[in-house]
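Asker: only geometry, no sequence info:
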DNA sequence: AGTAACTTGTGAATCAATTCACAAGACAGC
DNA sequence: GCTGTCTTGTGAATTGATTCACAAGTTACT
């Protein structure tokens, strides 16, 4: 398969959301135009995004909502359940552990770890917080797919190395640091301060220096 | 000023971080090459990013660390303090209210709101949670610059309209929904589920369908 | 069966971002 | 002050993403 841009994958996720809404409302078909309007893009963009993966529509008719929903789930790998571990049970880690949006979409929080003995043993939405010393043992047992790192910046790289050694191939990093990971490991970093600075820039430089990012 | 890409602004924020590290270590000058290596990009990219705003370096020498630091702060609008309000004192709202990274970078949480009477009156890191019915009154008084929206999806648009009416010109949205805002309002949306689905895609499609996003 | 009204899928064209490559400036050593 | 070594700043070239535009299907209607 040829290279798929991150922006394309992000839009596919959005399309899936909208399709689920349409499905709930009983619509059985949808046009690229309707999907585009809902997602703030153009019909050509929608068709191009889908064309990377095949031809799912019928000319003159549009797309079957259930079929396209299924295809997108398949493309995005959402047909199976992914096992997630969270390392760092601070404010953000705890919030994520209890976030319903994850479970709903098939991301199962299999374990939560922290280095603070005061936090170990606490229960977050049914999952007990374990001490990080158990990380290797539990990881070997649970075979998690994704590690969410919500530890302080100075511990993040160490934790990343550890979970990669243990076989984790996808990391979502909330520490404000650029993690070094091998080519074979997928990495996404969410940095709140960076986002806020984007807003600060926009406010300071007016609407001419417009945001071209994820939001229109 | 001509249009500045979101990706450029994001990199400028990163350069600023690295400069602060270099400054702390006592370095007085830095080359575009060093900055690039630290940020996972190329020296040409660094110079091009900076060139949108002026010429801050000396040929043969590089950049003065304190000077470039100051320039970047100025460009990003970080010389002043920004007043932030958070609407929604749930898990994520509370975590953000107490996040040190904000304060450190000049983002001052001026007020937190929630609609749940049980939450109203609680204190988050020195800020009392107020009832949303006070939103208009407090906003008129405090004149916040940025609103962080951490309410459920079905309330997010209503809250956005309300703060925009009240004069807020930048919104950071954590609700999993596409907010409609006027051209003149800067908007950033952070959607955790979307990010996780990006990882799910990467895991399902191997390293060929590589992430081209913020992480290398 | 023929016509009109739709809508997809996709090469070609355009627009945007990144990388190349080099002239021009700055300093150090002699 | 001349030579050699750096490193910036920036047009030009390249690479990548989006938009255009239209042939090719599909259905509904007559």
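Answerer: Here it is on my side, so go on. From a predicted model like this one, the values you see are computed outputs, not experimental measurements.
Asker: buried set for the helix or strand residue A:66 falls within?
Answerer: Using DSSP states H and E, residue A:66 falls within helix A:65-76. Using 16 or more other C-beta atoms under 10 Å in any protein chain shown as the test for burial, helix A:65-76 gives A:65, A:68-69, A:71-73, A:75-76. Where you see a C-beta, it was placed from the backbone N, CA and C, and this is true even at glycine.
Asker: again with stretch A:118-136
Answerer: Buried, per 16+ other C-beta under 10 Å, within stretch A:118-136: A:119-120, A:124, A:127, A:129-130, A:132, A:135.
Asker: residue with max distance from the center of chain A?
Answerer: Distance to the chain centre peaks in chain A at residue A:60, reaching 34.0 Å (criterion: C-alpha atoms, centre = their mean).
Asker: that one and residue B:65: what is the separation?
Answerer: Noted for residue A:60: a distance of 63 Å to residue B:65, by C-beta to C-beta, to the nearest Å.
Asker: swap in residue A:205?
Answerer: Taken as C-beta to C-beta, the span from residue A:205 to residue B:65 is 24 Å.
Asker: just to revisit the earlier point, format the buried residues of stretch A:118-136 as JSON lines; extra columns: secondary structure and distance to residue B:42.
Answerer: Converted to JSON lines, those look like this (DSSP: H, G, I helix; E, B strand; the rest coil; distance: C-beta to C-beta, whole Å):
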{"residue": "A:119", "secondary structure": "coil", "distance to residue B:42": "42"}
{"residue": "A:120", "secondary structure": "coil", "distance to residue B:42": "44"}
{"residue": "A:124", "secondary structure": "strand", "distance to residue B:42": "42"}
{"residue": "A:127", "secondary structure": "strand", "distance to residue B:42": "42"}
{"residue": "A:129", "secondary structure": "strand", "distance to residue B:42": "42"}
{"residue": "A:130", "secondary structure": "strand", "distance to residue B:42": "42"}
{"residue": "A:132", "secondary structure": "helix", "distance to residue B:42": "36"}
{"residue": "A:135", "secondary structure": "helix", "distance to residue B:42": "36"}
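Asker: enumerate the residues of chain A near DNA strand D.
Answerer: Chain A has residues A:3, A:5, A:7-8, A:41-42, A:44-45, A:47-48, A:58-61 near DNA strand D, with proximity defined as C-beta under 7 Å from any atom of the strand.
Asker: of all those, which comes closest to residue A:193?
Answerer: residue A:7 (22.6 Å; C-beta to C-beta).
Asker: any idea of the pLDDT on that closest one?
Answerer: Looking at residue A:7, its pLDDT is 97.
Asker: so it belongs to a helix, correct?
Answerer: Yes - the assignment for residue A:7 by DSSP: H, G, I helix; E, B strand; the rest coil puts it in a helix.
Asker: gap between the closest residue to residue A:28 other than its chain neighbours and residue A:24?
Answerer: Nearest residue to residue A:28, sequence neighbours excluded (C-beta to C-beta, 6 or more residues apart in numbering or on different chains): residue A:65, at 5.6 Å. Distance of residue A:65 to residue A:24, given as C-beta to C-beta: 10 Å.
Asker: does stretch A:27-43 reach DNA strand C?
Answerer: Yes - contact of stretch A:27-43 with DNA strand C (C-beta under 7 Å from any atom of the strand) involves A:31-33, A:43.
Asker: and that stretch, what's buried?
Answerer: A:29-32, A:34-36, A:38-39, A:41.
Asker: from those residues, pick the one nearest DNA strand D.
Answerer: residue A:41 (5.8 Å; C-beta to the nearest atom of the strand).
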